[in-house]
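S.K.: Provided below are the primary sequence and the corresponding predicted coordinates.
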Amino acid sequence: MFCPKCGKSEQQVNTFCRNCGTFLPDFDKLKSKVIPPEQHFIANITLNVMTAVVSLALAITLYVMFLDKDGTPFVIFLTAGFLTAIFCWQVQVLWRTLQLKKQFPGLSRKNETRIIENPPLFESTNTRELLNEADLREVVPVSVVENTTQKLSEKINRKLS
């Protein structure tokens, strides 16, 4: 592995560069996992159904327990109304998610190979096979003048003409 800061070769991953001290993470482990759309749809549908069932069950429970009782605070009925509204909202979100799922071909059919209309332009490859080892013998420092003026033995006097 090469250090991204100084270019020193033969470095260990998850350690510090022996030349400049920069931390060298393992870039293969840092790649984010790609979650397929099927898992997003399944998660959304599951959460919508769970939220709708729980909110409807709580609203029915509040209505049953406090509907015929005298002196029931208005807040109880307001809470039951909000829970009913949450149920209706989750039902329409579930319906829209199912409609959206129809727009993606191949999601509803299992064991069928999906055809990608726009394949990726570039494919990942191991760069160690493609790159030569860095040659740092002729590397020019950031500034040629930086920290070198103190080492000059004589001053150059320029005449203004």
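M.R.: That came through, no problem.
S.K.: Now do the same for the nearest residue to residue 22 once chain neighbours are set aside: helix, strand or coil?
M.R.: Ranked by Cβ to Cβ, 6 or more residues apart in numbering and with sequence neighbours excluded, the top spatial neighbour of residue 22 is residue 5, at 4.4 Å. The C-beta positions use only the backbone N, C-alpha and C, and glycine is treated the same way. Secondary structure, DSSP: H, G, I helix; E, B strand; the rest coil: residue 5 is coil.
S.K.: mind checking pLDDT for residue 5?
M.R.: Residue 5 is assigned 83 on the pLDDT scale.
S.K.: Test my guess that it contacts residue 20.
M.R.: Yes. Contact criterion Cβ atoms under 8 Å: residue 5 and residue 20 qualify, at 5.3 Å.
S.K.: Lowest mean pLDDT among the helices and strands of the protein, which one is it?
M.R.: Ranking every helix and strand in the chain by mean pLDDT, DSSP states H and E puts helix 27-30 at the bottom, with a mean of 69.
S.K.: from the chain's centre, how far out does it sit?
M.R.: A distance of 14 Å separates the centroid of the chain from that of helix 27-30, by Cα atoms, centre = their mean, to the nearest Å.
S.K.: now the strands for the chain?
M.R.: Secondary structure of the chain (DSSP state E): strands at 15-16, 23-24.
S.K.: Turn the ones you listed into CSV, columns for mean neighbour count, distance to residue 70 and mean pLDDT.
M.R.: As requested, the strands of the chain are exported to CSV (neighbours: other Cβ atoms under 10 Å; distance: least, Cβ to Cβ, whole Å; pLDDT from 0 to 100):
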stretch, mean neighbour count, distance to residue 70, mean pLDDT
strand 15-16, 12, 74, 84
strand 23-24, 14, 70, 84
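S.K.: CSV for those strands, including distance to residue 35?
M.R.: Putting the strands of the chain into CSV (distance: least, Cβ to Cβ, whole Å) gives the following:
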stretch, distance to residue 35
strand 15-16, 31
strand 23-24, 28
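S.K.: circling back: now do the least confident helix or strand of the chain: which elements does it pack against?
M.R.: Packing contacts for helix 27-30, counted by 3 or more Cβ pairs under 8 Å, 6 or more residues apart in numbering; DSSP states H and E, involve no helix or strand.
S.K.: Go ahead and produce CSV holding the CA coordinates of it.
M.R.: Provided in CSV are the C-alpha atoms of helix 27-30 (Å, rounded to 0.1, in the frame of the first residue of the first chain):
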residue,chain,number,x,y,z
PHE,A,27,-9.9,1.1,2.1
ASP,A,28,-11.4,-2.3,1.2
LYS,A,29,-13.3,-2.3,4.5
LEU,A,30,-14.4,1.3,4.2
